[in-house]
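*Asks:* Sequence first, then the predicted structure:
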Amino acid sequence: MKVLVVGKGGRESAIVWKLAQSKVGFEIFTAPGNPFTARYGRNVPIKESEINALVDFALDNGVDLIFPGGETSIALGIADEGERRGLKVFAPNRAAARLEASKIWAKSFAKRYRVPTADFEVFTEEEFDDAVEYVKGQRFPIVIKADGLAGGKGVVIARSVGEAINTLDQFMNRAKFGEASRRVVIERFLRGEEVSVFAVADGSRWKVFAYARDYKRLRDGDDGPNTGGMGSISPVVLDEQTKSLIEENVVRRTFEGLAREGLKYKGILYFGLMLTENGPFVLEYNVRLGDPETQAILPLMDYDFGEVVVSAAEGNLKEDLIKEPSRFSCCVVAASRGYPERPITGFPITGLEEAERIADAVFLAGVKEEGGQLITSGGRVLSVVATGETLEEARNRAYEAMDKIHFEGMHYRRDIG
Ligand code: AMP
Ligand code: GLY
């Protein structure tokens with residue numbers, strides 16, 4: 001079966017690596033891909049945002065299945081366009097993708113179906129003055145979120161009235177994230193432990209298959225600016241009561257709500273949760289796999305992920321294939337100097353082969369190939385992933401492997417896991 005994976009980061013490297021092991025026997029294309037995905041198939045120079053070109057490529061080359069890694073092509077409607085033209089797409093349609101593409105829609109949806117989420121108010125373009133009045137009467141910190149997609153940067157935790165008003169001004173008046181931030185959600189700050197929960201769905205059935213954690217801050221001890229993610233672990237061990245609260249009050253209510261809205265959800269649904277003293281609350285929905293969580297999750301699967309993906313895309317989820325992981329996984333990301341603000345790139349990478357002998361995988365992300373040499377080309381350059389009987393074993397092996405890798409300006413967190 002021919003599959004087109006869309007994206008070029010560490011997540012897509014992990015997806016391609018896992019699909020290459022499947023009994024389905026995939027012939028893999030990746031658009032645009034990276035030097036790692038090129039080892040397992042063919043890279044195609046089409047951007048994630050060019051959904052018509054992606055679907056055209058699939059049709060011209062006999063591709064059966066499109067697997068979008070990130071949200072860009074999903075929010076633009078690659079599932080609608082692909083399915084209209086007879087392809088299978090492992091992703092929700094544009095209407096269901098509003099769970100991620102519009103925080104206002106997602107929050108209102110959660111409220112309609114009694115999915116626990118922080119109390120909130122919505123303010124539209126014309127309501128800047130009302131938003132300012134509102135924050136003046138609130139307790140701090142308070143959370144301000146741009147309505148639309150902002151590449152993971154659209155959430156500000158404001159610690160004072162001044163910071164809140166400044167953020168509202170940036171978002172609403174100065175359109176810091178364009179149209180995406182002209183409308184905002186302002187919500188209560190929640191305390192607790194964060195966990196990422198992943199479910200797979202086929203349009204009517206669903207199943208939770210992974211619990212993971214990502215480390216968003218740049219530096220050790222959860223310090224420094226937010227990034228796309230500096231590492232991840234899986235599974236996160238939770239007691240049965242917590243798991244059942246998550247699956248009943250969050251996951252089930254969400255899928256039942258989607259069904260009642262006539263939205264046949266297909267693909268991955270990722271719940272970003274806060275485990276509070278009042279139970280699990282949804283912080284955000286994502287309509288795709290997380291990065292770097294995916295890089296930790298996929299190496300743990302001792303079942304055929306490719307078969308699960310194909311069955312879900314065909315509307316016939318083989319949920320019995322899915323098993324709980326029996327091991328632990330740790331993923332450590334190496335970034336370029338200057339990341340996330342202004343990464344400095346263009347440096348040769350050494351030690352990969354040695355690292356690959358120690359770790360389960362070394363997934364490339366911001367890397368290009370020039371004259372047979374791998375060169376850094378992005379902020380998050382690569383990740384080392386190791387599994388073990390215990391988290392400690394996984395972590396030790398990941399760091400042992402990372403020690404072998406070098407490039408100028410390389411830095412990574414020492415405290416993942
Ligand atoms: P989001 O993109 O909505 O997940 O927000 C990004 C990050 O902001 C989350 O991973 C949390 O760490 C934090 N966050 C979002 N909403 C809240 C909230 N209501 N209370 C506390 N932290 C939050
Ligand atoms: N790990 C967070 C994300 O993928 O959005």
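*Replies:* Noted; the coordinates are in hand. Ligands and ions are numbered 1, 2, ... in the order given.

*Asks:* Ligand 1 contacts on the stretch 251-400 of the chain?
*Replies:* G272, L283, E284 (CB under 6 Å from any ligand atom). C-beta here means a position set from N, CA and C on the backbone, and glycine is covered the same way.

*Asks:* counting contacts, what elements does the helix or strand that the second one is a member of pack onto?
*Replies:* Yep, that's L283 we're talking about. Using DSSP states H and E, L283 maps to strand 279-286. Counting contacts by 3 or more CB pairs under 8 Å, 6 or more residues apart in numbering; DSSP states H and E, strand 279-286 is packed against helix 98-101, helix 103-112, helix 240-245, strand 266-276.

*Asks:* That one to strand 266-276, inter-axis angle?
*Replies:* Relative orientation of strand 279-286 versus strand 266-276 (axes from the mean of the first three to the mean of the last three CA atoms, to 10 degrees): 140 degrees.

*Asks:* Contact partners for the residue in the stretch 201-350 of the chain that ligand 2 sits nearest to?
*Replies:* In the stretch 201-350 of the chain, no residue comes nearer to ligand 2 than G290, which is 3.4 Å away by CB to the nearest ligand atom. By CB atoms under 8 Å, 6 or more residues apart in numbering, the contact list for G290 reads R11, S196, F198, A212, D214, G229, S232, Y270.

*Asks:* Apply 6 Å and report the result again.
*Replies:* S196, Y270 (CB atoms under 6 Å, 6 or more residues apart in numbering).

*Asks:* and which of the residues of the stretch 251-400 of the chain next to ligand 1 is nearest T350?
*Replies:* Each of these was checked against T350 using CB to CB; the closest is G272, at 35.9 Å.

*Asks:* could I get the residues of the stretch 251-400 of the chain next to ligand 1 as a markdown table with distance to P45?
*Replies:* Formatted as a markdown table, these follow (distance: CB to CB, whole Å):
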| residue | distance to P45 |
| --- | --- |
| G272 | 32 |
| L283 | 36 |
| E284 | 32 |
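
*Asks:* which among those residues end up buried?
*Replies:* With neighbours counted using 16 or more other CB atoms under 10 Å, these contain these buried positions: G272, L283, E284.

*Asks:* Residues of the stretch 101-250 of the chain that sit close to ligand 2?
*Replies:* Counting by CB under 6 Å from any ligand atom, the stretch 101-250 of the chain sits next to ligand 2 at G152, D214, G229.

*Asks:* and these, which of them are in strands?
*Replies:* D214 (DSSP state E).

*Asks:* neighbour-wise, which of the residues of the stretch 101-250 of the chain next to ligand 2 leads?
*Replies:* Neighbour counts for these, by other CB atoms under 10 Å, peak at D214, which reaches 26 neighbours.

*Asks:* So which residues of the stretch 1-150 of the chain form helices?
*Replies:* Using DSSP state H, counting those that start in this stretch, the helices of the stretch 1-150 of the chain run over 10-20, 35-38, 51-60, 71-75, 78-84, 98-101, 103-112, 128-136.

*Asks:* Give me the nearest residue to V44, chain neighbours excluded.
*Replies:* Using CB to CB, 6 or more residues apart in numbering and skipping residues adjacent in sequence, the residue nearest V44 is A31, 4.3 Å away.

*Asks:* burial count for that neighbour?
*Replies:* A31 has 27 neighbours, counted by other CB under 10 Å.

*Asks:* quick one: least confident helix or strand in the chain?
*Replies:* Least confident helix or strand, the chain: strand 223-226 with a mean of 88, by mean pLDDT, DSSP states H and E.

*Asks:* The helix or strand just after it - contacts with which helices or strands?
*Replies:* Once the chain leaves strand 223-226, the next helix or strand it forms, by DSSP H and E, is strand 231-234. Packing partners of strand 231-234 (3 or more CB pairs under 6 Å, 6 or more residues apart in numbering; DSSP states H and E): strand 206-214, helix 293-297, strand 328-335.

*Asks:* List the pairing partners of the following helix or strand past the longest one within its sheet, with orientation.
*Replies:* The C-terminal neighbour of strand 206-214 among helices and strands, as given by DSSP H and E, is strand 217-219. Strands adjacent to strand 217-219 in the sheet, as given by DSSP bridges, are strand 223-226 (antiparallel).

*Asks:* how close does G10 sit to ligand 2?
*Replies:* Applying CB to the nearest ligand atom, to the nearest Å, the value for G10 to ligand 2 is 10 Å.

*Asks:* hmm, stretch 12-32 in reach of ligand 2?
*Replies:* No. Stretch 12-32 stays clear of ligand 2 (CB under 6 Å from any ligand atom), getting no nearer than 12.2 Å.

*Asks:* For that stretch, C-alpha coordinates in CSV please.
*Replies:* Once non-C-alpha atoms are left out, stretch 12-32 reads as follows in CSV (Å, rounded to 0.1, in the frame of the first residue of the first chain):
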residue,chain,number,x,y,z
GLU,A,12,7.1,12.5,11.0
SER,A,13,10.5,10.7,11.2
ALA,A,14,9.0,8.5,14.0
ILE,A,15,5.8,7.8,12.0
VAL,A,16,7.7,6.8,8.9
TRP,A,17,10.1,4.6,10.9
LYS,A,18,7.1,2.8,12.5
LEU,A,19,5.2,2.4,9.3
ALA,A,20,8.3,0.9,7.6
GLN,A,21,8.1,-1.9,10.2
SER,A,22,4.5,-2.7,9.5
LYS,A,23,3.3,-6.0,8.0
VAL,A,24,1.0,-3.9,5.7
GLY,A,25,4.1,-3.4,3.5
PHE,A,26,4.0,0.3,2.9
GLU,A,27,5.7,2.1,0.1
ILE,A,28,6.3,5.4,1.8
PHE,A,29,6.3,9.0,0.4
THR,A,30,6.9,12.0,2.7
ALA,A,31,6.1,15.6,1.9
PRO,A,32,8.4,17.4,2.3
